[in-house]
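Q: For reference, the sequence and a predicted model appear below.
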Amino acid sequence: MKEGQTVKVKDAMQSGRKSSFQKYRELTYGDRPFGYVLAAEWILAVSGSCPGGLGLWLRSKLYPFLFKETGRKVFFGRHITVRHPHKIRLGDNVVIDDNCVLDAKGTTNAGIVIEDNVYIGRNTIVYCKNGDIRIETGANLSSNCEIFSSNRLTLGAGTVVGAYSYLLSGGEYDYEDETPFCKQSGMETKGPLTIGPNCWLGARVTVLDAANIGERCVIGAGAVVTKPIPPDSVAVGIPAKVVKTLAAEGSKVERSKVEGR
């Protein structure tokens with residue numbers, strides 16, 4: 001990380017070494033040139049809160065300037081907050097609903113990749129502390145979810161995440177360190193977090209650091225996943241435990257042949 005820079009909002013804003021504008025610019029736009037910052041501020045002021053069809057049209061024309069890459073037919077809702085948008089890639093037919101946060105903040109990270117046909121529901125927060133996030137094709141994040149990474153987080157293709165869920169890659173504090181928790185970075189991590197493709201996470205599911213979930217899993221509403229879950233599993237509870245194994249697709253095919261169906 002570059003000397004004098006931080007990805008912790010409180011520390012950056014309370015630093016006495018920089019002007020208020022420098023703090024804001026660093027947190028919101030990183031090392032982007034002054035001209036980019038002015039243009040981005042104008043775009044957000046003109047179109048960010050504009051209602052109705054006019055607002056949708058303005059954002060569809062102006063917002064692609066902000067991002068590293070923007071596909072076709074991307075829907076931008078109102079009051080979207082973006083930080084370090086030059087490190088955010090958006091695929092085709094992405095929907096980002098009202099009041100979402102896309103925060104790729106960091107000094108050495110690659111940022112956020114949102115692939116084709118992804119839906120991000122209202123009030124959902126996708127943010128980094130020098131980590132990376134990839135949301136693969138067709139994934140669906142319901143309203144009021146929170147996706148955080150100070151390491152690497154991957155949400156698999158076609159996976160559905162219920163409302164108010166929290167996925168966490170990194171974000172650990174060192175309880176053996178005598179430094180007060182509020183002064184620690186909160187970026188300790190046990191490893192990357194991967195949620196496999198074609199999973200269904202119910203409402204208010206929490207998946208903790210490095211608690212990877214395999215392909216085609218179902219996680220019951222309110223569960224807290226603290227350890228890896230194998231593919232084709234149904235898991236529920238706090239902490240989440242596997243209560244059922246789903247038949248693999250190949251097994252279904254073979255069973256149908258044997259039964260003459």
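A: Yes, it's here.

Q: Tell me which residues are up against the longest helix seen in the chain.
A: Longest helix of the chain, by residue count under DSSP state H: helix 34-47. Identification of contacts with helix 34-47 by CB atoms under 8 Å, 6 or more residues apart in numbering yields 25, 28-29, 32, 55, 58-59, 62-63, 65-66, 82, 85-86. C-betas here are computed from N, CA, C, even on glycine.

Q: which of those residues are buried?
A: Burial by neighbour count, judged by 16 or more other CB atoms under 10 Å, picks out 25, 28-29, 32, 55, 58-59, 62-63, 66, 82, 85-86 from the contacts of helix 34-47.

Q: Give me the distance between stretch 31-46 and the centre of its chain.
A: 23 Å (CA atoms, centre = their mean, to the nearest Å).

Q: meant to ask about stretch 87-107, not that
A: Mean-position distance between stretch 87-107 and its chain equals 8 Å (CA atoms, centre = their mean).

Q: now that stretch: mean pLDDT?
A: Here stretch 87-107 scores 97 as its mean pLDDT.

Q: Flag every buried residue along that stretch.
A: Within stretch 87-107, the residues scored as buried using 16+ other CB under 10 Å are 87-91, 93-97, 99-106.

Q: Only the C-alpha atoms, please, for it, written as PDB.
A: The C-alpha coordinates for stretch 87-107 follow below in PDB (Å, rounded to 0.1, in the frame of the first residue of the first chain):
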ATOM      1  CA  LYS A  87     -11.500  -0.300 -11.100                       C
ATOM      2  CA  ILE A  88     -15.100  -1.600 -11.700                       C
ATOM      3  CA  ARG A  89     -16.000  -3.600 -14.800                       C
ATOM      4  CA  LEU A  90     -19.700  -4.100 -15.700                       C
ATOM      5  CA  GLY A  91     -20.900  -6.700 -18.300                       C
ATOM      6  CA  ASP A  92     -24.000  -6.600 -20.500                       C
ATOM      7  CA  ASN A  93     -27.500  -6.300 -19.100                       C
ATOM      8  CA  VAL A  94     -26.400  -5.600 -15.500                       C
ATOM      9  CA  VAL A  95     -29.000  -4.100 -13.200                       C
ATOM     10  CA  ILE A  96     -27.900  -1.900 -10.300                       C
ATOM     11  CA  ASP A  97     -30.900  -0.800  -8.400                       C
ATOM     12  CA  ASP A  98     -31.500   2.300  -6.300                       C
ATOM     13  CA  ASN A  99     -29.200   3.300  -3.400                       C
ATOM     14  CA  CYS A 100     -26.600   0.600  -4.100                       C
ATOM     15  CA  VAL A 101     -22.900   1.100  -3.200                       C
ATOM     16  CA  LEU A 102     -20.100  -0.100  -5.500                       C
ATOM     17  CA  ASP A 103     -16.800   0.500  -3.800                       C
ATOM     18  CA  ALA A 104     -13.600  -0.900  -5.300                       C
ATOM     19  CA  LYS A 105     -11.400   1.100  -2.900                       C
ATOM     20  CA  GLY A 106      -7.800   0.000  -2.600                       C
ATOM     21  CA  THR A 107      -4.200   0.800  -3.600                       C
END
